Every structure is written in C-alpha cells, then in structure tokens.
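> Below are the sequence and a predicted model; questions follow.
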Amino acid sequence: MIGTGASENASDTITFSHSFRMKTTEAKHMMPRQFATVYKTSLINWHIQISESGGGGLPAIFRNIVDPQSRDTVHQITLHPAGQRENHPPVLSVEFRIRVIDLSGKDIIPPIRFVHPPGFPARSVFSAGYCTPEHGPVKDWLGTVIGHKHFENHFFEIQTFVIFDVNVFLNMKHLNRSFGKPMPLDLNFRYNLLTNQNSHDFHLTTSTRLSFPCNKEALFVASPYFRKQLTDDMISFPLAVEFLESIEVITWLLTETYHPPFEMTPELAREIVTLAEMVLPRGPNQRQLFGSIERHCFEELINVRD
C-alpha cells in the first residue's frame with residue numbers, strides 16, 4: 001500500500017506526504033522505496049527505507065568487517081534525495097510517523113514520530129539525507145519491533161511529511177543547470193575543433209543515413225571510445241542511433257557543454273543516455289548530462305500538460 005500527495009498551504013509552504021505499508025519481517029533487509037515530490041516545474045526523487053547501521057553512522061556491512069564481534073545494531077528511517085540533481089533545496093521540516101498495525105489498521109503498540117530540523121540534506125561519508133536519530137526513543141522503538149517474533153504477523157506503516165518553502169522549492173538555483181559548466185581553458189582546443197566548420201574533416205552517421213560533421217582529432221582526444229574505434233583511414237563512423245540530435249548532444253558534451261535539442265522526447269532521451277554511456281568518459285560530465293536530460297524531459301512534460 002503506497003500513497004503520495006502534495007498540498008500548498010496559505011503560509012507559502014508546500015507539504016508533500018508519502019505513506020507505505022510493509023510486513024515487519026521485511027524491515028530487517030528492506031530495499032529502498034522510491035517516490036517523487038513534484039510541484040509545477042520542480043521535481044525531486046527520493047529513496048526511503050529502514051536502514052541498519054553499526055552505530056556512528058557506519059553501515060552494518062562495514063561494521064561487520066571492522067568489528068565482527070559487535071552487536072550494536074541501530075535501525076533508522078532514512079530519506080535520501082535520488083536522481084541526478086546536483087543541488088537540493090533545504091526543507092523546512094521532515095516528519096516521520098511510524099506505526100505497527102494489524103490487517104484492519106489498528107495500532108498494536110503506541111505509534112511514534114520524529115520531526116527532523118530544517119536545512120539541507122545532512123551529508124556523511126556514505127550518503128546525504130534525513131533520518132531518525134541513532135539514539136533515543138525512535139531507535140529504541142524500532143529495536144523493540146524489528147526481528148521480534150511477537151510482531152511477525154503485523155505491518156509497519158511509515159508516513160513521511162516533507163515541507164518546503166514554495167519559492168525555495170521552485171528556485172532555479174536548486175535545479176540542474178540547463179547548460180554545462182563553464183568551459184575550462186584547456187578545452188579551448190577541443191571546443192574550437194568541434195565547433196569550427198573549417199576544421200570539420202569527419203562525419204558521424206546515424207542508422208537512418210544522416211550525417212553530423214565534426215573534427216576527427218577532437219573526437220579522438222575527447223573520448224576513450226573513439227580512441228579505440230577510429231583508424232587513420234576513416235572519414236566517417238556509424239553510430240547505432242536513429243536521431244541526429246543524439247549525436248549533436250553527445251558531440252557538444254565532449255566540450256563539457258550541454259546543448260539541448262530543440263524538443264526532447266522519451267525516445268530521444270533514451271538514445272542520448274545510451275550513447276553517452278558508451279562514448280563519454282565516466283565522471284562529473286556524464287552525471288551532469290544525465291541530470292540535464294532529466295530536467296529537460298520534465299520541462300517538456302510540463303509544457304505538454306499546460
């Protein structure tokens with residue numbers, strides 16, 4: 001059972017609510033549940049789960065390696081921003097309400113709640129997000145329920161309420177950038193070769209026989225993939241894509257600049273991502289492209305809806 005909702009309040013805040021139920025026996029090895037908070041042109045993806053640590057914020061798997069004899073297990077409700085965003089707006093509050101219920105929805109034990117203070121997602125070595133405390137009533141409450149036979153035939157119900165200032169949630173500085181980061185000076189050579197038509201001596205072609213002119217040397221310098229594929233005698237190279245826009249976006253990304261297509265479609269987005277995974281070196285540039293595509297697709301969806 002899952003529910004998600006949003007409500008705009010008179011005080012210029014917006015509250016996103018999400019709830020789900022799961023068997024108490026599934027909590028010990030729970031995989032993250034996903035949901036999204038969406039309002040107008042802004043979207044944040046989230047993962048929520050009951051996580052297990054060895055205290056001090058150290059995940060249990062690492063705790064077991066460092067200290068196999070330790071039995072100090074801490075269960076926490078954790079809420080992490082997901083997706084490809086580079087920045088996330090600060091919350092006014094995050095509230096967790098946790099219940100143990102039977103099939104009819106009746107409480108088996110008194111429920112418990114925790115309100116996280118305002119601010120940006122807290123960062124640790126392993127993650128960034130909001131969570132219930134490592135010590136105190138919530139930790140003790142979860143420890144009482146998880147793994148105990150008395151509660152095996154019952155359910156957890158976890159409700160999450162995330163509150164934002166509307167203007168902060170929609171502020172562009174908390175979205176992925178439409179265009180890539182400013183080009184470093186050492187990329188001028190690559191940039192000029194790719195954008196200067198007088199230097200175009202090579203063509204990348206699509207499966208539909210469309211051709212994109214570019215510079216062979218720039219491709220070779222910018223991408224490990226092309227260094228493996230291109231030979232001295234080649235004057236063109238086929239890519240397994242249908243849309244010429246896919247090649248154009250990827251070629252611009254080799255200059256660390258996102259040049260968005262005129263119109264984004266699911267098919268084009270999928271093709272760009274597939275091509276990027278093959279051609280672009282792994283790292284911040286590839287992650288930024290995926291974030292830009294995620295935002296661009298969402299903006300196109302908003303335009304279609306309006």
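Noted; the coordinates are in hand.

> Could you list the low-confidence segments of the stretch 201-306 of the chain?
Residue ranges of the stretch 201-306 of the chain with pLDDT under 70: 253, 255-259, 282-298, 300-306.

> switch to 50 and redo it
Scanning the stretch 201-306 of the chain for pLDDT under 50 picks out nothing.

> quick one: low-confidence parts of the stretch 51-200 of the chain?
If you take pLDDT under 50 as the line, the stretch 51-200 of the chain has these spans: 57-66, 125, 176-186.

> which residues of it fall in helices?
For the stretch 51-200 of the chain, the helices defined by DSSP state H, counting those that start in this stretch cover 60-66, 137-145, 166-170, 188-195.

> domain ranges for the protein?
2-174, 185-305 (automatic domain parsing).

> would you turn those into TSV with mean neighbour count?
The way it works is simple: take the backbone N, C-alpha and C, and place the C-beta from them, glycine included. Shown next, in TSV, are the domains of the chain (neighbours: other CB atoms under 10 Å):
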stretch	mean neighbour count
domain 2-174	16
domain 185-305	16
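
> Sticking with the spatially closest residue to V162 that is not a sequence neighbour, tell me its helix or strand.
Computed as CB to CB, 6 or more residues apart in numbering, the closest residue to V162 that is not its neighbour in sequence is F16, at 4.6 Å. Per DSSP states H and E, F16 falls inside strand 13-23.

> now the following helix or strand past that strand against strand 13-23, angle please.
Downstream of strand 13-23, the first helix or strand assigned by DSSP H and E is strand 33-39. Orientation of strand 33-39 against strand 13-23 (axes from the mean of the first three to the mean of the last three CA atoms, to 10 degrees) gives an angle of 160 degrees.

> which residues touch strand 33-39?
By CB atoms under 8 Å, 6 or more residues apart in numbering, the residues outside strand 33-39 that reach it are 2, 4, 6, 8, 14, 16, 18, 20, 43-49, 82, 162, 166, 169-170.

> Okay, and the beta partners of the residue nearest to V162?
Following DSSP bridges, F16 is listed with bridge partners A6, V162.

> With V94 instead?
H116, V162.

> How about the contacts made by it?
With CB under 8 Å, 6+ apart, V94 has these contacts: L79, V115, H116, Y130, T160, F161, V162, I163.

> what pairs with the first one across the strands?
For L79, the beta-bridge partners are I48, Y130 (DSSP bridges).

> quick one: it and F20, what's the gap?
In this view, L79 and F20 are 12 Å apart by CB to CB, to the nearest Å.

> Please identify every residue contacting each of these two.
Common neighbours of L79 and F20 (criterion: CB under 8 Å, 6+ apart): I48.

> where do the strands sit along the protein?
2-8, 13-23, 33-39, 42-53, 74-82, 93-101, 112-116, 122-123, 128-131, 155-165, 202-205, 211-214, 236-238 (DSSP state E).
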